[in-house]
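Asks: please find the sequence and the predicted model below.
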Amino acid sequence: MANHKSAAKRARQTIVRTERNRFFKTRIKNVTKSVLEAVDANDKEKAAEAFKTANKYLHHCVSKGILKKGTAARKVSRLHKKVNSL
């Protein structure tokens, strides 16, 4: 239990941020997985559409401060390479 008013506020903020980050991180995994599943199925159109969604969402997460710019760029680059291999 927090002993100071400011420490109690920080504890509340941590709970809220943890929930928010969990939502975003789960969604990142899901959009990434949808691209990889389309690539495994050799469905070029579906993979391209899923990649477009994933790219947009990853960069959205950068603007929200969930991911760092380099992390999003690396993930997008790896996905793009796999989509282009079809």
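Replies: Yep, that arrived.

Asks: going along the chain, name the strands of the chain.
Replies: Using DSSP state E, the chain contains no strands.

Asks: centre-most residue in it?
Replies: Nearest to the mean C-alpha position of the chain, by Cα atoms, centre = their mean, lies Ile28 at 2.8 Å.

Asks: that residue and Cys61 touch, don't they?
Replies: Yes. With contact defined as Cβ atoms under 8 Å, Ile28 reaches Cys61; the gap is 6.3 Å. All C-beta spots, glycine's among them, are computed from the backbone N, C-alpha and C.

Asks: what touches both of these two?
Replies: Leu67 (Cβ atoms under 8 Å, 6 or more residues apart in numbering).

Asks: picking that back up, the residue nearest to the centre of the chain: what's it in contact with?
Replies: Going by Cβ under 8 Å, 6+ apart, Ile28 touches 57-58, 61, 66-67, 75.

Asks: in the chain, which spans are helices?
Replies: Ranges of helices in the chain, per DSSP state H, are 5-40, 44-64, 69-84.

Asks: quick check: mean pLDDT of the longest one?
Replies: So that's helix 5-40. Mean pLDDT, helix 5-40: 96.

Asks: one more: the shortest one?
Replies: For helix 69-84, the mean per-residue pLDDT is 97.

Asks: how far away is Thr32 from Lys5?
Replies: 41 Å (Cβ to Cβ, to the nearest Å).

Asks: neighbour count for these two, which is higher?
Replies: The residue with more neighbours, out of Thr32 and Lys5, is Thr32; 19 against 8, by other Cβ atoms under 10 Å.
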